[in-house]
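Student: build me a structure from this.
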Amino acid sequence: MYVIKEDFMRVPLKIFSEPGFIGDEAIQQMKNISSMSSVFHHTAIMPDGHLGYGAAIGAVAAFTDIVCPSIVGVDIGCGMCAVKTNLTSIEPDALKEIMGKIRERIPLGFNRHREKQEWSGFNKAPDVPIVQQQLNAAKYQLGTLGGGNHFIEIQKGSDGFIWIMLHSGSRNFGLKVAQEYYQKALALCKQRHWDLPDKELAFLPIESPEAKEYMAAMNFALGFAKANRFAMLLKIKKSVVEVIPEVTFNKAINIHHNYAIREHHFGSEVIVHRKGATSAKKGQLGIIPGSQGTKSYIVRGKGNPESFMSCSHGAGRKMGRRQAQRELDLKAEKKRLDDQGIIHAIRHVSDLDEAAGAYKDISKVMENQKDLVDIVVELSPLAVIKA
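Tutor: Predicted structure coming up:
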């Protein structure tokens, strides 16, 4: 870790990497956050940090009395779920059959279910207009993967067992809530002539009606995202059982990495924002995925106060999506996966935005956060599904 503090910054920025590992644009975004009014104690960026919209991915920041939609992000509640099985191996033919069944059961990308899905949480949706507007569509989206960097993976653990892992979020809920309340925050900041280091860092005073609506909508999106992952997990388990009836499953580990929450740090209650960062309280189990074809990790938090008890949420991009499609070699990226015997999703140039070459080296990311987490299990991919 190293620290930056410039004159215009109200608090220092703590960077959990060696210099140069995180791009200058992301560092500048963190400096902007560090100059905001009511920012608390310091800010931090995790080793997978990279450029985001308004706020860097990998940002952790606490505030005394505001909430900032851009330091939560557009996919509210995006997160990970992982389950250990009792299996110690899967034959390639069985693995292919399982993955085929999963594809039949779980809609990918923009696809959704043809029938409404059941979830008791729908009956507890807050009376917030943007939530109510999205509620009917969400009933068809529950239990769907989405696109981008979302994935389903079957892995072999260093503990000798087969694991299931998935990464997904709140589907359209998070996006619509983020867009709606960013605009409300921007209008409020303009109306009150509040200075902003970047207009995308527009915020809402935590006691304002708009902030209360946003927090209610955000928390509902968090619940929906978790329910979405568990709905998919049930379908994945069913697919495995149909092929290997003797399989059993441990309790799932579930975490999310785009949210704001009241926590106690450095003697004060503050609103901690984690955007592409995961809670890593002392003893807390977490999940840090690699990129397609690289290792992922089950970790245990160390509760490091310097990161606001946080860690990275993944490997972190080193190339933008279009840059990866332009610059990466399709044959080389496919060979990287084929040589490992991984059943993968890279077929065309358009798939290169999610190739391993578009991401940072996960082993270096993990090395840079030894003070934040301990590795419990290393997971090597056997098969992956992406949209």
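Student: all strands of the stretch 201-350 of the chain, in order?
Tutor: Ranges of strands within the stretch 201-350 of the chain are 204-205, 253-256, 258-265, 268-275, 277-279, 285-288, 296-301, 310-312, based on DSSP state E, counting those that start in this stretch.
Student: what is the neighbour count of residue 275?
Tutor: 31 (other C-beta atoms under 10 Å). Placement of C-beta: from N, CA and C, glycine included.
Student: which ones are touching it?
Tutor: Contacts for residue 275 (C-beta atoms under 8 Å, 6 or more residues apart in numbering) come out as 52, 55-60, 70-73, 257-258.
Student: same check on residue 10?
Tutor: Residue 10 neighbours (C-beta under 8 Å, 6+ apart): 34, 35, 36, 37, 39.
Student: for this protein, which helix is longest?
Tutor: helix 209-243 (DSSP state H).
Student: so how far is it off the chain centroid?
Tutor: Distance of helix 209-243 from the chain centroid (C-alpha atoms, centre = their mean, to the nearest Å) equals 13 Å.
Student: give me the angle between it and strand 258-265.
Tutor: 110 degrees (axes from the mean of the first three to the mean of the last three C-alpha atoms, to 10 degrees).
Student: who's residue 277 bridged to?
Tutor: residue 312 (DSSP bridges).
Student: could you check how far it is from residue 252?
Tutor: Applying C-beta to C-beta, to the nearest Å, the value for residue 277 to residue 252 is 21 Å.
Student: ok, residue 152 next?
Tutor: To residue 252, residue 152 is 14 Å away according to C-beta to C-beta.
Student: who has more neighbours out of these two?
Tutor: residue 152 (25 against 15).
Student: so that one sits in a strand?
Tutor: Yes - counting by DSSP: H, G, I helix; E, B strand; the rest coil, one finds residue 152 located in a strand.
Student: which intervals of the chain have sub-threshold pLDDT?
Tutor: Scanning the chain with the threshold set as pLDDT under 70 gives no residue ranges.
Student: that older thread, using JSON lines, lay out the strands of the stretch 201-350 of the chain together with distance to residue 378.
Tutor: Shown next, in JSON lines, are these (distance: least, C-beta to C-beta, whole Å):
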{"stretch": "strand 204-205", "distance to residue 378": "41"}
{"stretch": "strand 253-256", "distance to residue 378": "15"}
{"stretch": "strand 258-265", "distance to residue 378": "25"}
{"stretch": "strand 268-275", "distance to residue 378": "24"}
{"stretch": "strand 277-279", "distance to residue 378": "17"}
{"stretch": "strand 285-288", "distance to residue 378": "11"}
{"stretch": "strand 296-301", "distance to residue 378": "6"}
{"stretch": "strand 310-312", "distance to residue 378": "15"}
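Student: so what's residue 241 up against?
Tutor: Shown in contact with residue 241 (C-beta under 8 Å, 6+ apart): residue 247.
Student: an error on my part: the question was meant for residue 61.
Tutor: 33, 34, 39, 40, 43, 44, 55, 68, 71, 272, 273.
Student: quick one: which of the residues you listed sit in helices?
Tutor: 33, 34.
Student: put the buried members of the contacts of residue 61 into a ChimeraX selection.
Tutor: Buried residues within the contacts of residue 61, by 16 or more other C-beta atoms under 10 Å, are selected in ChimeraX with:
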select :33,34,39,40,43,44,55,68,71,272,273
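Student: all good on my end, thank you.
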